[in-house]
Each structure stands twice: as C-alpha cells, then as structure tokens.
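Asks: predicted model and sequence follow; I will ask about them next.
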Amino acid sequence: MRRTIGVNTWVWASPLTDENLPALAAKAAELGFGAIELPVESPGDWSADAAAEVLAEQRLAPIVIGAMGPGRNLVAAPGSEIVATQNYLVHCLGVAERLGSPVVAGPFTAATGRAWRMDAEEREARYRELRASLAPLVRQAEARGIRLAIEPLNRYETSLVNTVEQALEALGPLLGPGLGLALDSYHLNIEEKSIGEAIRAAGPHLAYVQVCGNDRGAVGDDHLDWPAFLDALDDVGYAGALGLESFTGENATIAVAASVWRPLAPSQDELAARSIRYLTALQDERNPA
C-alpha cells in the first residue's frame, strides 16, 4: 500500500502562524511531501481560511494536530479547566472541518509532561472521567465527519495512557467513527514490547500514524525496522498518511517540551529530506509500478 507522506511544521517552527505558514508549506511541497500537519498551539495563531488558500496553492492535504500544553486537561483538574480544554478541542474540530482534515490528532488526555502515580482503582476512575470528558467531543467529531485520534505518550510525558493496550482500555466504549488512536513510532519504540503487534492490536481503531527516527531524528538511518512497521500497517488496512513529526531546537519552549537538547540532523531541512527520501524509496520498493 502506498501512503501519502506528510510533515509537521514543528520540524521548522513553533508556533505556526499566518506569517510563517506560506513559506513552510512551500518548503514541504518542494521537498515532495503530500500532506502537512498543522499544530493548533493556541486558537488564533493562524486562520483556517488563510491556511486553506495556502494548502490549495501547494496541493498539500491538511492534518490538524492538537497540543496539550500546560493547563489543558480532561482529567484530574478543576471543572473550569476541563471545560476550557473541551472548548479548545471544539475549536480544533472546527478548523479541521474548514480545512477538510480527516482527523484531529494529539494526546488528548492531560497536559503533556504531567504525570503522577496511580493505583488500579484511581486509574480506573481517571479512565471513566476521561470518557465522560471526551463523550460530547466524540459526538461532535462524528457529526462533522472527523475522527479525534488520541495518542499514547511515553512514560516521561504522561502516566495516563502509555500503550495501545491502555488506550483500548481507557477509550473502548467510545471508539468508532468519532474516535480512534494516533500512534507515533517514537512512543511505540519506548513503550511497546513489539511495535508491530501494538499496531495490529489497534486494528480498525488506528486513525493516524506519525513517524520519526528512534532519536526523534530522520526516518531510515535509525534502528527501527521500517519494513516491518509498514507490514503491520498493511495488516490492519491503514491507508492514511504517515506524518513526520520532529521538532526544531531553535524555539526554547518546544525544545524543552520535546527534550531536544542537541541537533538531530545537520539541518532541519536535511532531517525532512532524508526522511521523505527513505520513506518514498521504501514504498516504491514495496509497490513497484
């Protein structure tokens, strides 16, 4: 199966704005990407109407990405904070509907970096709370023809949902047309015993896939078994995009949030170019004309 390859604007800049999107989209298109991940860090940073024109000009498919910064929580938080987070995700759904993004993907549980110890009883209670917070959003997503895609994160970034197994347990009754899973090779590499079996466990609930090298750098010159990764995606019939997600170290906030303490490539352009060259060649090899 041949999949569209996308790239997150975080590879080069944070936050995304109306001012920097045209140049970033042009760069992505020039490098050969067919889709672009558009992070909504704060509502109002960029306009969906303006972005629609830019993406149409560059012939890039849109993927809307949410960011769970400090104070964004759907569990273990004051009611006002949970409502504000729900409102933020409603905004993301509206942006996705305007642009035609099939998903809104992100770690929509609690603020990234927030972690605490839980016994089994508390974990079960937090999962119930998460489902209650998500339920109205899932209904909205389904009504708009969009799928929320919730991403398990590694143990250093959350203590709520680290694995596919936990995601299925936490979200089970809500999974369907309005809610699925977003899987990221970086987190899978840390948390799963077998990346392939984790993808297969997600099965029809797999809504979006992000990729990067095991060190958050380029795809293809790292230790991950990328042919086996694609085999697993084939096995579950995943036909969506592969989104390259890495991060610039030039922005202090995002560098600290993503623990980017050293350059991951000689340049961000090279990181992106090496990744798409490898993924394109691998797909060509697997899908000869």
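Replies: Perfect, thanks for sending it. Numbering: from 1, shown residues only.

Asks: relative to Y127, how far out is the nearest residue to R131 once chain neighbours are set aside?
Replies: Spatial nearest neighbour of R131, chain neighbours left out: L174 (5.8 Å); criterion: C-beta to C-beta, 6 or more residues apart in numbering. (Each C-beta comes from the backbone N, C-alpha and C, glycine too.) Distance, L174 to Y127, by C-beta to C-beta, to the nearest Å: 11 Å.

Asks: how about L31?
Replies: For L31, the distance to Y127 - C-beta to C-beta - is 40 Å.

Asks: do the same with Y278
Replies: Look at Y278 and Y127: by C-beta to C-beta, they are 37 Å apart.

Asks: and A207, by the same measure?
Replies: According to C-beta to C-beta, A207 stands 19 Å off from Y127.

Asks: comparing the two, which residue is more hemmed in?
Replies: A207 (26 against 21; other C-beta atoms under 10 Å).

Asks: from Q166, how far out is that one?
Replies: 17 Å.

Asks: for S194, give me the backbone phi and psi.
Replies: Phi and psi for S194, reported as degrees, to the nearest 10, are phi -140, psi 120.

Asks: swap in D225?
Replies: Main-chain torsions, D225, degrees, to the nearest 10: phi -90, psi 90.

Asks: so where do the strands sit in the stretch 51-200 of the chain?
Replies: Using DSSP state E, counting those that start in this stretch, the strands of the stretch 51-200 of the chain run over 61-66, 103-106, 147-150, 179-184.

Asks: how far does the last one sit from its chain's centre?
Replies: Taking the mean C-alpha point of strand 179-184 and that of its whole chain, the gap between them comes to 8 Å (C-alpha atoms, centre = their mean, to the nearest Å).

Asks: give me the mean pLDDT for the helix or strand where Y208 lies.
Replies: Using DSSP states H and E, Y208 maps to strand 206-211. Throughout strand 206-211, pLDDT has a mean value of 99.

Asks: got the angle between the helix or strand that that strand is followed by and strand 179-184?
Replies: Downstream of strand 206-211, the next assigned helix or strand under DSSP H and E is helix 226-236. Inter-element angle recorded for helix 226-236 and strand 179-184: 170 degrees (by axes from the mean of the first three to the mean of the last three C-alpha atoms, to 10 degrees).

Asks: and the following helix or strand past helix 226-236, what does it pack against?
Replies: Using DSSP H and E, the helix or strand that follows helix 226-236 in sequence is strand 242-244. Packing partners of strand 242-244 (3 or more C-beta pairs under 8 Å, 6 or more residues apart in numbering; DSSP states H and E): strand 5-8, strand 206-211, helix 268-286.

Asks: who's in contact with the helix or strand just after the shortest one?
Replies: Sequence-wise, the next helix or strand beyond strand 5-8 is helix 21-31, with elements assigned using DSSP H and E. For helix 21-31, the surrounding residues in contact (C-beta atoms under 8 Å, 6 or more residues apart in numbering) are 7, 9, 12-13, 16, 36, 38, 46, 50-51, 54-55, 57-60, 269, 272-273, 276.

Asks: what subset of those is buried?
Replies: 7, 9, 12-13, 16, 36, 38, 46, 51, 54-55, 58, 60, 272-273, 276 (16 or more other C-beta atoms under 10 Å).

Asks: biggest separation within those residues, which pair?
Replies: Greatest spacing in the buried ones among the contacts of helix 21-31, by C-beta to C-beta: W46 and A273 (24.6 Å).

Asks: what comes up buried for the helix ranked longest in the chain?
Replies: As assigned by DSSP state H, the longest helix anywhere in the chain is helix 120-144. Residues R123, R126, Y127, L130, R131, S133, L134, L137, V138, Q140, A141 are the ones in helix 120-144 that count as buried (16+ other C-beta under 10 Å).

Asks: report the contact partners of Q210.
Replies: For Q210, the contact set (C-beta under 8 Å, 6+ apart) comprises 8, 37, 105, 151, 182-186, 242-245.

Asks: by mean pLDDT, point me to the weakest helix or strand of the chain.
Replies: helix 252-257 (a mean of 80; mean pLDDT, DSSP states H and E).

Asks: re the thing from before, ok, so of the buried ones among the contacts of helix 21-31, who is nearest R98?
Replies: A51 (8.4 Å).

Asks: which residues are in contact with the closest one?
Replies: A51 neighbours (C-beta under 8 Å, 6+ apart): D18, L21, L38, P62, L99.

Asks: make it 7 Å
Replies: Applying C-beta atoms under 7 Å, 6 or more residues apart in numbering to A51 gives the contacts L21, L38, L99.

Asks: could you do L175 as well?
Replies: When contacts are counted by C-beta under 7 Å, 6+ apart, L175 touches H205.
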